[in-house]
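Enquirer: Here you go, sequence then predicted model.
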2 protein chains.
Amino acid sequence: MDFDESSLPRTRVRDALSSHARPGACLVKGWVRTVRAGKNVAFLAVNDGSCLDSLQAVVDSSLQNYPEIRKIGTGACIAVRGELVPSPAQGQAMELQVQQLEILGEADPQYPLQKKRHSFEYLRSIAHLRVRSNTFGAVFRMRSALSFAVHQFFRERGFLYVHTPIITANDCEGAGEMFRVTTLDPQAPPLNNGRIDWSQDFFGERTGLTVSGQLQGESFATAFSDIYTFGPTFRAENSNTSRHAAEFWMIEPEMAFADLTENCRVAADFLRYLCQFSLEECADDLKFFDARIEKGLIDKLENLADAEFATLSYTDAVKELQACGEQFEFPVEWGCDLQSEHERFLTEKIVDGPLFVTDYPRQIKAFYMRSNDDGKTVAAMDCLVPRVGEIIGGSQREERHDVLVQRMIEAGIAPESLGWFLDLRRWGSCPHAGFGLGFERFLMYVTGMSNIRDVIPFPRTTGNAAF
Amino acid sequence: MDFDESSLPRTRVRDALSSHARPGACLVKGWVRTVRAGKNVAFLAVNDGSCLDSLQAVVDSSLQNYPEIRKIGTGACIAVRGELVPSPAQGQAMELQVQQLEILGEADPQYPLQKKRHSFEYLRSIAHLRVRSNTFGAVFRMRSALSFAVHQFFRERGFLYVHTPIITANDCEGAGEMFRVTTLDPQAPPLNNGRIDWSQDFFGERTGLTVSGQLQGESFATAFSDIYTFGPTFRAENSNTSRHAAEFWMIEPEMAFADLTENCRVAADFLRYLCQFSLEECADDLKFFDARIEKGLIDKLENLADAEFATLSYTDAVKELQACGEQFEFPVEWGCDLQSEHERFLTEKIVDGPLFVTDYPRQIKAFYMRSNDDGKTVAAMDCLVPRVGEIIGGSQREERHDVLVQRMIEAGIAPESLGWFLDLRRWGSCPHAGFGLGFERFLMYVTGMSNIRDVIPFPRTTGNAAF
């Protein structure tokens, strides 16, 4: 008898603990979460990351290597072979009666994840190991499951997935500060009349990391009708908050023939779908978050999964905020951008549910958003949800060549610098719309984790690119 | 009657042309590929990117705006509403008898995609429009479909998807040259003793774009057992070939408890799955590639989908190549890296099918590959396929702390610079293995496209970051 999987395939802990598990011979491999070892019997909780729970392995002292087994430390990696049997203990359906145990990798008492609770801040300093904890196991299982849900949602609806470029020479994709990407000698860059000669850089021009795939997504939407991106985006902003990271993943659908109403409809369907998927596919992890991280989380998700989304124009939203009698830190007047406090008041107090605010003043929105006939607003929308505020931003795009050129000039963007983007309006233009969902923002919403650093495997923030 | 989709939802061309399509009222929106307009009737081929084929819209001169319709140019965007009926013409099941036509966006005769065939080289210069051509429509539908296949393959097998970081401070992830990521003033960077003071850069140290997510993937594999990455990776190499891009997407599974044999088994399953998925889900696009791009393509994929994969050690492969009597440009001897000509000879002539070459000399392979007991080789594998050569590279990883430290020192890597990576061997280490598939390399294989620039939406290569 040995641990070769050709004779007995490895069983994942999730399968061993599932209601479909059958008693019988079983081989499990994983990491020891806790050990209680006595003279006659030892109990080891074995976790392999396939689910939140660990499998209890019961080891009798008759095993030849029992003296070593008694010394196994938290964090060790082991292979256990034996009989899977219904467990007499409470809280677990099955346990493993071990016939053979092999220590694959020891863990000494310096192992940084001992049983005691650690702060999330400390765990960030060991991001390579924190994934072996309950909380981060659950976070990254949900991140994986929801990534799949994103793809499945769009595939079911006939959207094409497009990988828009990470390195870009467009410096006007969005509002964000960009990182520079270069291979020039930093110590002695080539100069031309005393200025850096970017024509000698790798791409023959100055390049940076993308802040959005939308512009390139629009090119694909005018060929495939319905497309989406799902990839990393970047902001070189020195903002050391719990909601900002320098590198994060964004989902950006773009739909030919869609107007603002259709855009809102798809965004609402998308959020409902992701909530429903979480509830169905990640039930155990959600129970954990509900109990340990955010009380009422499951109710919140069930509500959103069934919610009707309200719609309110920016102009009406401003009126409501001015009339509500609430004292805000930032005063509200038509033309100002809504602050987080305003957004949360709208969705939590005025509507008490998810809400689209539409038709914002043009001067506070991006150049590519479609001008409304009133001459003052654009066909933009932000989706606000209770407890978070803005979670999605989008717009109908300006499809009229002359209007777009005018807006670019107003925004200080040389039209010739985005000639290819204007071409999409020159030949075969059509009404179209799209939106962006910051994937981490949604993960924070769905797990209750309050710091973006705790939903990204190896977060990049000001002063931190560790691991 | 209007074009509002609330009264009649838009039908995608794929659905209108499918064998399940029912005659009746139908609204289609898309781009005009060809126009034949006479005095009494006009035929417009409408494509919306949902499939290769266009829907024929038949317009009678009795329509009020027929004079304008006659002037519609190739590339215009239109909405057509009418009756979907069985087509009397050959080669199409259904056609649309138009009752109403609206021109959403004109296209003048300067539209760069006229009916005549264009070279791929020319089309690269209009990457924002080439997606409206048959070839690139098919390429990017397959790219989207196969992206989904990747996720589905791993999800079905219980692998966790992880987003490894794009920006990294590790400078030894792989063999490739790295792009620098910075926000320092290029003209006047901060100096310390005459050298660039990287501590003042955004992340407080020197950072670049990742060349592989493997090292971070290993951290996740020692928590979740089976994981994979699928994201962009970068090479700042000045190689202007048809097979190299500066930015490309890579798939990297990593499996705790797997050895080299299991690694090869999963890699073979993965390639077979992707071929089978292509054959089932992309049949029309594959027919196009088989007819226009690579004769015999479908046979090739059917063969790989069913193939047994041979295995040959590097040492035996060298013997075979030395004994075969073939004159190679590069002579073969034990210790040298296999060249493309050798790889193709092995898979095409010696094996005549897909092949794993295993156990390469340690001095030509990366520091993290597991040392074999012979002291000379490492547990590496390359997967070779006919017509392409190497398509996958992988290895069992060195899980022994002391051996890995020794290998790092030999490779000139300071062990303390990758302390976190060594930690994975310090606590709860286990045998593990993984491999990498360059997604574009596989797309070239499956479409027959011979230039990597033609399977990436907006390729980044030396001197080119356009769009």
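Expert: Thanks, I have it.

Enquirer: Tell me how far the most far-flung residue of chain A relative to its centre lies from chain B.
Expert: Among the residues of chain A, the one whose C-alpha is farthest from the average of all C-alpha positions is residue A:62, by C-alpha atoms, centre = their mean at 48.3 Å. Using C-beta to the nearest C-beta, to the nearest Å, residue A:62 is found at 26 Å from chain B. For glycine as for every other residue, the C-beta is placed from the backbone atoms N, C-alpha and C.

Enquirer: next one: residue A:266
Expert: For residue A:266, the distance to chain B equals 12 Å [C-beta to the nearest C-beta].

Enquirer: show me where pLDDT drops low in the stretch 51-200 of chain A?
Expert: Low-confidence segments of the stretch 51-200 of chain A (pLDDT under 70): A:173-175.

Enquirer: now the helices for it?
Expert: A:66-70, A:120-124, A:127-130, A:134-156 (DSSP state H, counting those that start in this stretch).

Enquirer: Put together CSV for these, with distance to chain B and mean neighbour count on each row.
Expert: Written out in CSV, the entries for the helices of the stretch 51-200 of chain A read as follows (distance: least, C-beta to the nearest C-beta, whole Å; neighbours: other C-beta atoms under 10 Å in any protein chain shown):
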stretch, distance to chain B, mean neighbour count
helix A:66-70, 15, 15
helix A:120-124, 12, 15
helix A:127-130, 4, 23
helix A:134-156, 4, 21
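
Enquirer: Phi and psi next, for the residue farthest from the centre of chain A.
Expert: Reported as degrees, to the nearest 10, the phi and psi values for residue A:62 are phi -70, psi -10.

Enquirer: My guess is residue A:187 contacts residue B:197. True?
Expert: No: counting by C-beta atoms under 8 Å, residue A:187 sits too far from residue B:197 to count as a contact (11.3 Å).

Enquirer: Strands of the stretch 151-300 of chain A, start to end?
Expert: Secondary structure of the stretch 151-300 of chain A (DSSP state E, counting those that start in this stretch): strands located at A:160-161, A:167-168, A:180-182, A:191-192, A:195-196, A:207-209, A:226-234, A:247-256.

Enquirer: Tabulate those strands (JSON lines), appending distance to chain B and mean neighbour count.
Expert: Output for those, formatted as JSON lines (distance: least, C-beta to the nearest C-beta, whole Å; neighbours: other C-beta under 10 Å):
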{"stretch": "strand A:160-161", "distance to chain B": "4", "mean neighbour count": "24"}
{"stretch": "strand A:167-168", "distance to chain B": "5", "mean neighbour count": "23"}
{"stretch": "strand A:180-182", "distance to chain B": "5", "mean neighbour count": "24"}
{"stretch": "strand A:191-192", "distance to chain B": "9", "mean neighbour count": "10"}
{"stretch": "strand A:195-196", "distance to chain B": "5", "mean neighbour count": "14"}
{"stretch": "strand A:207-209", "distance to chain B": "5", "mean neighbour count": "24"}
{"stretch": "strand A:226-234", "distance to chain B": "5", "mean neighbour count": "24"}
{"stretch": "strand A:247-256", "distance to chain B": "6", "mean neighbour count": "25"}
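
Enquirer: Point out the one among the ones you listed that comes closest to residue A:407.
Expert: With C-beta to C-beta as the criterion, residue A:407 lies closest to strand A:247-256 of the strands of the stretch 151-300 of chain A, at 18.3 Å.

Enquirer: Quick one: list the elements packing against the closest one.
Expert: Contact here means 3 or more C-beta pairs under 8 Å, 6 or more residues apart in numbering or on different chains; DSSP states H and E; on that basis strand A:247-256 packs against helix A:214-224, strand A:226-234, helix A:260-281, strand A:432-438, helix A:439-447.

Enquirer: by how many degrees do that strand and strand A:432-438 diverge?
Expert: Here the directions of strand A:247-256 and strand A:432-438 differ by 160 degrees (axes from the mean of the first three to the mean of the last three C-alpha atoms, to 10 degrees).

Enquirer: Right, I'll call it a day here.
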